[in-house]
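Engineer: Dropping a prediction and its sequence here:
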Amino acid sequence: MAGIESAGSASLPAFPKGNAFRRRARRELGVGYLFTLPSVLLLFLFTLGPALYSLYLSFFSWSLLNHMHFVGWQNFVQLFQMPLFWISVRNSVVFALVVVPTQTVIALLLAAILNQNLPARGFFRLAFFFPAVSSSAVISIIFMWIYNKFGLLNGFLSVFGIVGPDWLGNPSFALSSIMLLNIWTTSGYFMVVFLAGLQAIPAELYEAAAIDGADRWKSFARITVPLLSPSTFFIVVMGIVGTLQMFDQSFIMSQGTGGPLNSTTTVVLLIYQFIFSYGQVGYGAAATVLLFLLILLVTLATNWWFKRKLDYL
Amino acid sequence: MVGSRNTFSYRLVRVVYLLILTLGALSMLIPFAWSLSTSLKPLGESMAYPPVWWPHPFDWSNFIAIWTMVPLARWFLNSAIVAVSVTVGNLIIDSLAGYALARIQFRGRNVLHLGIVSMLMIPFQSVMLPVYILLRWLGLLDNYGGMIVPVLVSAMGVFLMRQAFLTVPQELEDAAMIDGAGRLRMFWQIALPMVTPNLMTLALMIFMGSWNNFLLPLLVANRSHLWTVPLGIVMFQQEYFVNWPYLMAASVLATLPIAILFLVFQRFFVRGVATTGLK
């Protein structure tokens, strides 16, 4: 009995010596691999494999129709000399720089307010979360209608005597319009993550702070924000990965062109165009590799920043 | 918070909070309300500027017209086939792997766990080019398989199920082991029933993700009879881009299934997000 008890929680060598147990351990090994096999296989085939394959493809010139031929670093060299590539990088980076902090702050404020004892909390949580479960395609189309030159947004602005632009047709406003849409979609989702984090903070801390004379703002800044760091880290990383990958909204709102004047061409949209418009698989693969590097670097930097901040607490 | 509950400042703060929440909730719901409002207007009225909120009279004809203009029923069927297959596949595959990672001792388990979780850093958009080439090579373009197979497993799902199985008491399995139950039976008859709420959460998250997926059908389905609802609506938009009442009617219909699922099962949705955020 005791042997079986420990078999469940201890590691392999702790199995008592005996033929039955050894057989069991061997069988366990097989079952473990068998159970994880479908996941490992599919993830390798459609996630890790493709990531490695894009590295391989980035050294070849290929249009999907002709024969591949090896070109060395040529794709990267060409890409670096291509103004459109840098435009797409700038768009993606600016997009992430604006959207990630904004949605994180909005999500945190909404969560902090919603965590108070207020009426209709369930309704508010539902309303904020709903955009996050809706289809990005459908939402993009609804917002195209709202952003129309004679749409709801400009109708609203005209009440204040403001003549709004053609939001998606004007290169100075198109990317910002998509940013706003993105913040609108994801803030509620991250708010729920923050709410879960908030509920894990013990109420005694706030009571102690109040006894020490801390006001509402002080306990928010000194207790809530630092103790939420793990949630914030998760939200910032997910936000960065999500925004640097932005594709659906740009593609739909610009009808696949990244227009007007490439103002909404993101890196992922450019990769799509490299395959389906230009037939340049090598360029697309090289851009994919660079996108990975960008995401990896930014994530590592965020990780480092959060770690350092946590050390000082 | 500690402090007297009836002071003026306490009430003022509460009013301000409620005001912020109300404004926020309004801005979240207005786009949906506006699409519903537009879908109930004739074309002429939908173009009125400044915009009119209340359609008079309610015009339901857009909802009837779109079914004959585009194969909307077919798109719903496609979306349902794809989303249900993907959900069933994930429930089986993710929970098998999650169970093994949480419950079975085998060499390389920790490496596998780390490897699977790190796949979260490679979202689908970033590998769309190689995946497209792979699907083309496997002959999975222009059929349901191409929209299903690449998303049959989710690293997030495996992670979620592993966390769930870790909470199942070991004693139950020990008892079953003494009775001579094999791993498959222990998984199926003991562990799985204990994590039903987590399975619900997983099913909803996967179903919603698949139902809303736009990029994968865009890559895979060239012919319109294979389009799913989101892809079909976007293609519809590019063709009838001036008829907003039609487009909004289609948008309302596309949002409806998810809205119903969400309203009925909202606590599972919220739980899913909360769990994935708490790693």
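Structural biologist: Okay, I see it.

Engineer: Could you measure from residue A:194 over to residue A:228?
Structural biologist: Separation of residue A:194 from residue A:228 (Cβ to Cβ, to the nearest Å): 7 Å. Where C-beta positions appear, they are placed from N, C-alpha and C, glycine not excepted.

Engineer: between the two, which one's more packed in?
Structural biologist: For residue A:194 versus residue A:228, the count of surrounding residues by other Cβ atoms under 10 Å in any protein chain shown is larger for residue A:194: 26 against 20.

Engineer: which residues touch that one?
Structural biologist: A:107, A:108, A:110, A:111, A:112, A:228, A:231, A:232, A:235 (Cβ atoms under 8 Å, 6 or more residues apart in numbering or on different chains).

Engineer: ok, and which of those residues reach chain B?
Structural biologist: With Cβ under 8 Å from any Cβ of the partner chain as the criterion, the contacts of residue A:194 include A:110, A:231, A:235 near chain B.

Engineer: Just send the contacts of residue A:194 back as JSON lines, with distance to residue B:217, secondary structure and pLDDT too.
Structural biologist: Compiled in JSON lines, the contacts of residue A:194 are given as follows (distance: Cβ to Cβ, whole Å; DSSP: H, G, I helix; E, B strand; the rest coil; pLDDT from 0 to 100):
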{"residue": "A:107", "distance to residue B:217": "29", "secondary structure": "helix", "pLDDT": "95"}
{"residue": "A:108", "distance to residue B:217": "35", "secondary structure": "helix", "pLDDT": "94"}
{"residue": "A:110", "distance to residue B:217": "32", "secondary structure": "helix", "pLDDT": "92"}
{"residue": "A:111", "distance to residue B:217": "34", "secondary structure": "helix", "pLDDT": "92"}
{"residue": "A:112", "distance to residue B:217": "39", "secondary structure": "helix", "pLDDT": "90"}
{"residue": "A:228", "distance to residue B:217": "37", "secondary structure": "coil", "pLDDT": "88"}
{"residue": "A:231", "distance to residue B:217": "33", "secondary structure": "helix", "pLDDT": "87"}
{"residue": "A:232", "distance to residue B:217": "34", "secondary structure": "helix", "pLDDT": "90"}
{"residue": "A:235", "distance to residue B:217": "29", "secondary structure": "helix", "pLDDT": "91"}
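
Engineer: of all those, which comes closest to residue A:66?
Structural biologist: Closest approach between the contacts of residue A:194 and residue A:66, by Cβ to Cβ: residue A:235, at 44.9 Å.

Engineer: contacting residues for the closest one?
Structural biologist: Here residue A:235 is in contact with A:104, A:107, A:190, A:193, A:194, B:277 (Cβ under 8 Å, 6+ apart).

Engineer: What about the residues you listed, which one has the most neighbours?
Structural biologist: residue A:190 (29 neighbours).

Engineer: what's the farthest-apart pair in the contacts of residue A:235?
Structural biologist: Pairwise distances across the contacts of residue A:235 peak at 12.6 Å for A:104 and B:277 (criterion: Cβ to Cβ).

Engineer: quick one, helices of the stretch 1-150 of chain B?
Structural biologist: Per DSSP state H, counting those that start in this stretch, the stretch 1-150 of chain B carries helices over the ranges B:8-39, B:43-46, B:61-69, B:72-103, B:109-118, B:128-137, B:144-148.

Engineer: which residues make contact with the fifth one from outside it?
Structural biologist: Contacts of helix B:109-118 from elsewhere in the structure, counted by Cβ under 8 Å, 6+ apart, are A:32, A:36, A:39, A:40, A:43, B:97, B:100, B:101, B:155, B:158, B:159, B:162.

Engineer: Can you check the pLDDT for the first one?
Structural biologist: With respect to pLDDT, residue A:32 scores 88.

Engineer: surely it meets residue B:100?
Structural biologist: Yes: here residue A:32 reaches residue B:100: they are 4.9 Å apart, a contact under Cβ atoms under 8 Å.

Engineer: Please enumerate the shared neighbours of those two.
Structural biologist: Joint contacts of residue A:32 and residue B:100 (Cβ under 8 Å, 6+ apart) are B:106, B:109.

Engineer: Compare those two (neighbour count), which wins?
Structural biologist: residue B:100 (29 against 23).

Engineer: Now do the contacts for the more buried one.
Structural biologist: Per Cβ under 8 Å, 6+ apart, neighbours of residue B:100: A:31, A:32, A:35, A:36, B:106, B:109.

Engineer: among the residues you listed, who's most crowded?
Structural biologist: residue A:36 (27 neighbours).

Engineer: Tell me the helices and strands packed up against the helix or strand that contains that one.
Structural biologist: Taking DSSP states H and E as the criterion, residue A:36 maps to helix A:19-43. Applying 3 or more Cβ pairs under 8 Å, 6 or more residues apart in numbering or on different chains; DSSP states H and E, one finds that helix A:19-43 makes contact with helix A:2-9, helix B:72-103, helix B:109-118, helix B:183-185.

Engineer: Which positions in the helix or strand just after that helix come out as buried?
Structural biologist: Next in sequence after helix A:19-43, counting helices and strands by DSSP H and E, comes helix A:49-57. By neighbour count on 16 or more other Cβ atoms under 10 Å in any protein chain shown, the buried set for helix A:49-57 is A:49, A:50, A:51, A:53, A:54, A:57.

Engineer: At the geometric centre of the chain, which residue sits there?
Structural biologist: This is for chain A. residue A:242 (2.2 Å; Cα atoms, centre = their mean).

Engineer: nope, chain B please
Structural biologist: residue B:208 (1.7 Å).

Engineer: which non-adjacent residue is nearest that one?
Structural biologist: residue A:133 (5.5 Å; Cβ to Cβ, 6 or more residues apart in numbering or on different chains).

Engineer: Report pLDDT for that neighbour.
Structural biologist: 87.

Engineer: so who does it touch?
Structural biologist: Shown in contact with residue A:133 (Cβ under 8 Å, 6+ apart): B:208, B:212, B:258, B:262, B:269.

Engineer: Kindly recompute the last result at 10 Å.
Structural biologist: Neighbour list for residue A:133: A:185, A:188-189, B:204-205, B:208-209, B:211-212, B:255, B:258-259, B:261-262, B:266, B:269, B:273 [criterion: Cβ atoms under 10 Å, 6 or more residues apart in numbering or on different chains].

Engineer: Out of the residues you listed, name the ones that lie in helices.
Structural biologist: Counting by DSSP state H, the contacts of residue A:133 place A:185, A:188-189, B:204-205, B:208-209, B:211-212, B:255, B:258-259, B:261-262, B:266, B:269, B:273 in helices.

Engineer: Only whichever of those residues are buried, select them in ChimeraX.
Structural biologist: A single ChimeraX command selects the buried members of the ones in helices among the contacts of residue A:133 (16+ other Cβ under 10 Å):
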select /A:185,188,189 /B:204,205,208,209,211,212,255,258,261,262,266,269,273
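
Engineer: State the pLDDT value of residue A:214.
Structural biologist: Residue A:214 is given a pLDDT of 84.
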